[in-house]
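Undergrad: Return a 3D structure for these sequence lines:
(one chain, ligands or ions: 1)
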Amino acid sequence: MYISIEKVSKAFTLKDKSTLTVLDKVDLYIKEGESICLLGPSGCGKSTLLNLIAGFDTPSTGTIKIDGDTVTQPSIDRIVIFQNYGLLPWRNVIKNVELGLEAKKLKRKERRRIAEEYIKLVGLSDYKKHHPPQLSGGMQQRVALARALAVEPKILLMDEPFGALDAMTRMHMQDEIERIWQEKKKTIIFVTHDIEEAVFLADRIVIMTPSPGRVKTIIEVPLPRKRDKTSLDFLKIKDKVFTEFNLK
Ligand SMILES: Nc1ncnc2c1ncn2[C@@H]1O[C@H](COP(=O)(O)OP(=O)(O)OP(=O)(O)O)[C@@H](O)[C@H]1O
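TA: Model (predicted):
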């Protein structure tokens, strides 16, 4: 399996020296190129699990392996996109996208060429000289996406990437992710609270429960893409997820 999460538990020691178990023996196996959504109530450990996969932190027990190698630190093969974009306001769009490429030690011209290619992919060629504060939230998220994709990661980890966007922009970004995922075939793991977003984007939806965080169930979404949010099959799966989500 491409990503193997085996019996992963994570506990934090709190200020009063007590222990908070956030993840409890989580098992999850992900195929290369799959789109996986982590869905669950606030505090069930979704971000914690994403951080462990990213290598920002290590499990208390259990292991996470990617392509056979245990994850012990962050890697340029796994890029995380956050809700707050993480752009540098004093750099224009093209310089923000080039940022990730600077670690790759490419020649300036090559860096520029790749950055332009990905800015085009996210539809922002006309804005490449703009600075983040001059752009809407949706556009800033596109810049963050271009920057992440430009380094050609194998895995894209997204922590509620559209959480701060209004409903219309959010829908456009979902379409964008869908289109880019089809074109680039990345392995994507994303966290959301939005059931419709999960059914629209995921091959499989991992429903988690809190206290401590566990995988409750995994729901397959075998619908052809691009998915029609108003189709009966779509609504049936949405309903199934909704029911699972609410059952204790
Ligand atoms: N470094 C830390 N130290 C102590 N507790 C932590 C730490 N990181 C996370 N937690 C706790 O772990 C629990 C799970 O947090 P996490 O952010 O993973 O949940 P989540 O499912 O992503 O929540 P949300 O949907 O609200 O973002 C929370 O109770 C949180 O307070």
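
Undergrad: Every contact and neighbour count from this point should use C-alpha atoms.
TA: Fine.

Undergrad: Next one: the nearest residue to Leu145 once chain neighbours are set aside from the ligand, what distance?
TA: With C-alpha to C-alpha, 6 or more residues apart in numbering as the criterion, Leu145 has its nearest non-adjacent residue at 7.1 Å, and that residue is Ile81. Taken as C-alpha to the nearest ligand atom, to the nearest Å, the spacing of Ile81 relative to the ligand amounts to 14 Å.

Undergrad: and Gly40, what does it touch?
TA: The contact partners of Gly40, taken as C-alpha atoms under 8 Å, 6 or more residues apart in numbering, are Lys46, Thr192, His193, Ile207, Met208, Thr209, Pro210, Phe245.

Undergrad: Show the pLDDT at it.
TA: The predicted structure scores Gly40 at 90 on the pLDDT scale.

Undergrad: Can you report phi and psi for it?
TA: Note on Gly40: backbone dihedrals following degrees, to the nearest 10 are phi 170, psi 160.

Undergrad: What of Ile237?
TA: According to degrees, to the nearest 10, Ile237 has phi -70, psi -40.

Undergrad: For the helix or strand of the chain with the lowest mean pLDDT, buried residues please.
TA: When each helix and strand of the chain is scored by mean pLDDT, DSSP states H and E, helix 167-184 comes last, with a mean of 85. For helix 167-184, the neighbour count (16 or more other C-alpha atoms under 10 Å) marks Thr169, Arg170, Met173, Gln174, Asp175, Glu176, Ile177, Glu178, Arg179, Ile180, Trp181 as buried.

Undergrad: Next up, the contacts around the residue nearest the centre of the chain.
TA: Note on the chain: the residue nearest the mean C-alpha position is Met158, at 1.8 Å, using C-alpha atoms, centre = their mean. Listed by C-alpha under 8 Å, 6+ apart, the contact partners of Met158 are Val80, Ile81, Phe82, Ile188, Ile189, Phe190, Val191.

Undergrad: Now do the second one: how many residues are near it, please.
TA: To tie it back to what came earlier, the one meant is Ile81. For Ile81, the count of nearby residues is 21 (other C-alpha atoms under 10 Å).

Undergrad: Ramachandran angles for Arg204?
TA: When read as degrees, to the nearest 10, the backbone of Arg204 gives phi -140, psi 140.

Undergrad: nearest residue to it other than its sequence neighbours?
TA: Leaving out its chain neighbours, the residue that sits closest to Arg204 by C-alpha to C-alpha, 6+ apart is Glu220, at 4.4 Å.

Undergrad: ok, that neighbour - how many residues close by?
TA: Counted by other C-alpha under 10 Å, the residues lying close to Glu220 total 15.

Undergrad: now the one 4 residues further on
TA: Using other C-alpha under 10 Å, Pro224 has 8 neighbouring residues.

Undergrad: And for the one 4 residues further on?
TA: Other residues near Asp228 come to 13 when the count uses other C-alpha under 10 Å.

Undergrad: any idea which element it lies in?
TA: Assigned by DSSP states H and E, Asp228 falls within no helix or strand.

Undergrad: nearest spatial neighbour of it, skipping sequence neighbours?
TA: In space, Asp228 comes closest to Phe234 once its chain neighbours are excluded; the distance is 6.8 Å by C-alpha to C-alpha, 6+ apart.

Undergrad: Just to check, the one you found is in contact with Arg225?
TA: No. Between Phe234 and Arg225 there is no contact under C-alpha atoms under 8 Å: 11.0 Å.

Undergrad: So for the two, which sits in the more crowded spot?
TA: Set side by side, Phe234 and Arg225 show more neighbours around Phe234, with 19 against 11, by other C-alpha under 10 Å.
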